[in-house]
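**Student:** need a structure here:
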Amino acid sequence: MAPGGWQRLRGLWAAGQPLFQGRALLVTNTLGCGALMAAGDGARQSWEIRARPGQRFDPRRSASMFMVGCSMGPFLHYWYLWLDRLLPASGLRGLPNILKKVLVDQLVASPMLGVWYFVGLGCLEGQTLDESCQELRDKFWEFYKADWCVWPAAQLVNFLFVPPQFRVTYINGLTLGWDTYLSYLKYRIPGPLTSPGCVTLGTRTD
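**Tutor:** Residues are numbered from 1 along each chain as shown. Presented below is the predicted three-dimensional model:
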């Protein structure tokens, strides 16, 4: 990269530092969670529009995803602060405590966020509590098995190498693909799908 490019990057980094300090960090984490969840839904809807002729982009669906994401941001912000106090660890020397953090995160935070996601979106979209709970029962284990495939390794890196103030941002950076999957899981419609290349994929049995 040219020297001017590095200078611009350093300038952007310096300008962004206040967003990761003090009370601003909570706002950054909250809006970041909402924005990435909405972006994941937008990516999923773009695929659906290409695969299902006649389907149109639903901004209210992405707005609901944004609101649920924003509601999760403060929880994640304080969750990581609490984990750091409960199980202080730094670098490879703290690996035993870091592994405990990953386990606690998977056993406590992940299921809680799964319930939050399905019930929260259901409430925003007019489902009854019974309907939301039924959807949760239908989809939770699929969600949770996928969660175990993705997040333990990601959280191991998070707790080993990422400074505390950047942990939610790190997760948000990885979560675009995950949020696209969550959008698929929430809004999938069983039936024939045509790929963007017009190849019929057939009927899914979800």
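
**Student:** Every contact and neighbour count from this point should use C-alpha atoms.
**Tutor:** Noted.

**Student:** what helix or strand is P88 on?
**Tutor:** Secondary structure assignment for P88, by DSSP states H and E: no helix or strand.

**Student:** neighbours around it, how many?
**Tutor:** Residues near P88, counting by other Cα atoms under 10 Å, number 13.

**Student:** How about K145?
**Tutor:** K145: 10 surrounding residues under other Cα under 10 Å.

**Student:** and what of the one 10 residues further on?
**Tutor:** Neighbour count of Q155, defined by other Cα under 10 Å: 22.

**Student:** next one: D138
**Tutor:** Each residue near D138 was counted by other Cα under 10 Å, and the total is 12.

**Student:** Show me what the one helix or strand it maps to is packed against.
**Tutor:** Here D138 sits within helix 129-161, counting by DSSP H and E. The elements that helix 129-161 packs onto, with contact taken as 3 or more Cα pairs under 8 Å, 6 or more residues apart in numbering; DSSP states H and E, are helix 95-104, helix 110-124, helix 167-187.

**Student:** Swap in 7 Å and give it another go.
**Tutor:** Packing partners of helix 129-161 (3 or more Cα pairs under 7 Å, 6 or more residues apart in numbering; DSSP states H and E): helix 95-104, helix 110-124.

**Student:** Select, out of the ones you listed, the one closest to G40.
**Tutor:** helix 110-124 (13.8 Å; Cα to Cα).

**Student:** Now do that closest one: distance to the chain's middle.
**Tutor:** 12 Å (Cα atoms, centre = their mean, to the nearest Å).

**Student:** as a whole number, average confidence for that helix?
**Tutor:** The pLDDT scores in helix 110-124 average 93.
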